[in-house]
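Attaching a predicted model along with its sequence, questions to come.
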Amino acid sequence: MATLPKIKASSFVPQLRTHKGQGYVYGMRGKDSPYSTAIAKSKQGQYGKQLSASGYGYYCELVNGKPDYTKGRAAKWLGKPATDCSGLIRWVYWELLNHKYDFSKSASGMYSWCSTRGKISTMPKKAGILVFKTASGESSPHHVGVYLGNGTVIEAAGVDAGIRIVAFNSGWTHWGVWDLLDMDIPVDGTPVQPPVQPPVDEPDTPAETAPIYFTTTATLYRLWDIGKSHNIAWTAIRKADGSVPNPLAMRAGIKLIVGHKIAEQAIYYTTTKKMYLLGQIGNHFGVDWHTIRNADGSTPDPRNIHIGQVLRIK
């Protein structure tokens, strides 16, 4: 594990927020999304008997004596991105490092991967710190979330709730600084000095360099709609902090930067059952399907796209 690269809390925390509202399925890794009946069948064999006395009801239900993987508590997340609590941390790490690195850790494994840790009463309020829940009589945590700052925590809370943001005082018992995280965010309440801006050339016109800050509304919240409204490529739109927004997880109230000088970064997309042909994906996102690439940059076969394939849109 020591060979894995570190990531910055200032990148980790905003990326975590993009997963709010997505699904929870025990045993899933977000990188394997979307949740499917094939995954449900596999997880049923692994964990079904751990999650219910009868072995059924979570991943599937028995219908006429046969397992039906379109039913059960987890079925609400079929066709959608999903993960479990420690899988959320793995998912974001994988995304931030261009889908190149992964690791296997449970909540207790994540706690053991924190060289600096302690009881929740001693936690410094720094965004990016991992928080844990340990039940009475347990020797190690069974659940993990991430402190986002300002008294909030993001967690993959369970199959009914999915990924949500909750108040910090919601039963957390321990904390830890993840060894792969560079804690570059100050403690809550610490004044942050604005960065010194380097001198820039005189702009040709204000429209070319001055970013426009835009807050999404209930009637205009999709990136491609915003791009059309401002007459620019939606792939150039960024969040107010400069990070890449999730084009499929927009909601009213998100602050965006719209401007011609924003560097375009690749946006990763995982295909679903309803949209897996390059032509359909290109039409949906308003881009030429010839420009769509696999996650590693190679050219995909437009007639051989499968569910769960990760593509790059730029």
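Cool, the structure landed.

Give me the distance between residue 130 and residue 255.
Relative to residue 255, residue 130 is positioned 27 Å away (criterion: CB to CB, to the nearest Å). From N, CA and C alone the C-beta is placed, and that goes for glycine too.

Phi and psi next, for the nearest residue to residue 296 once chain neighbours are set aside.
Spatially, and ignoring its direct neighbours in sequence, residue 296 is nearest to residue 99 (7.9 Å; CB to CB, 6 or more residues apart in numbering). Taking degrees, to the nearest 10, you get phi 60, psi 30 for the backbone angles of residue 99.

and residue 99, how many neighbours?
Using other CB atoms under 10 Å, residue 99 has 15 neighbouring residues.

correct me, but it touches residue 294?
No - checked against CB atoms under 8 Å, the pair residue 99 and residue 294 is beyond contact range at 9.9 Å.

what's the overlap in contacts for the two?
Among the neighbours of residue 99, those also in contact with residue 294 (CB atoms under 8 Å, 6 or more residues apart in numbering) are residue 310.

got a list of what residue 131 touches?
If you count contacts by CB under 8 Å, 6+ apart, then residue 131 has 120, 123, 144-147, 153, 168, 172, 174-175 around it.

any idea how far residue 109 is from it?
Residue 131 sits at a distance of 15 Å from residue 109 (criterion: CB to CB).

Now for the residue nearest to residue 296: which residues touch it?
Contacts of residue 99 were listed using CB under 8 Å, 6+ apart, and they are 31, 268, 295-296, 310.

redo that, cut-off 7 Å
With contacts defined as CB atoms under 7 Å, 6 or more residues apart in numbering, residue 99 is in contact with 268, 295, 310.

same question, residue 239
Contacts of residue 239 (CB under 7 Å, 6+ apart): 14, 245, 255-256.

between the residues you listed, which is nearest residue 237?
Lowest distance from residue 237 to those (CB to CB) belongs to residue 256, with 5.4 Å.

quick one: the strands in the stretch 51-200 of the chain?
With DSSP state E, counting those that start in this stretch as the definition, the stretch 51-200 of the chain shows strands at residue ranges 61-63, 66-68, 82-83, 116-119, 130-133, 143-149, 152-156, 163-167, 174-177, 181-182.

Residue 39: which of those is closest?
Among these, the nearest to residue 39 by CB to CB is strand 82-83 (8.7 Å).

Just list what the closest one packs against, helices and strands only.
Helices and strands in packing contact with strand 82-83 are listed as strand 23-24; criterion 3 or more CB pairs under 7 Å, 6 or more residues apart in numbering; DSSP states H and E.

and the strand it packs on, what other elements does it pack with?
When contacts are defined as 3+ CB pairs under 7 Å, 6+ apart, strand 23-24 sits against strand 82-83.

again, only this time at 6 Å
Here strand 23-24 touches no other helix or strand, going by 3 or more CB pairs under 6 Å, 6 or more residues apart in numbering; DSSP states H and E.

For the lengthiest helix in the chain, give me every contacting residue.
Counting by DSSP state H, the longest helix found in the chain is helix 37-51. Outside helix 37-51, the residues within contact range by CB atoms under 6 Å, 6 or more residues apart in numbering are 26-27, 55, 58-60, 69.

please redo it, this time with the cut-off set to 7 Å
Under the criterion CB under 7 Å, 6+ apart, residues 26-28, 32, 55-56, 58-60, 67, 69-70, 74, 78 lie in contact with helix 37-51.

which of those residues count as buried?
26-28, 32, 55-56, 58-60, 67, 69, 74, 78 (16 or more other CB atoms under 10 Å).

Any chance of those in a markdown table with distance to residue 183 as columns?
What follows is those, written out as a markdown table (distance: CB to CB, whole Å):
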| residue | distance to residue 183 |
| --- | --- |
| 26 | 29 |
| 27 | 30 |
| 28 | 28 |
| 32 | 29 |
| 55 | 43 |
| 56 | 44 |
| 58 | 36 |
| 59 | 37 |
| 60 | 42 |
| 67 | 45 |
| 69 | 42 |
| 74 | 34 |
| 78 | 37 |
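
Sort out for me which of those residues are in helices.
By the criterion of DSSP H, membership of the buried ones among the contacts of helix 37-51 in helices covers no residue at all.

buried subset of the contacts of residue 99?
When the contacts of residue 99 are checked against 16+ other CB under 10 Å, the ones flagged as buried are 268, 295.

Mind checking which of the contacts of residue 99 are in strands?
268, 310 (DSSP state E).

Which of the contacts of residue 99 scores worst on pLDDT?
Least confident entry in the contacts of residue 99, by pLDDT: residue 268, with 72.

contacting residues around it?
With contact set as CB under 7 Å, 6+ apart, residue 268 has these partners: 95, 99, 295, 310, 312.

This completes my enquiry, with thanks.
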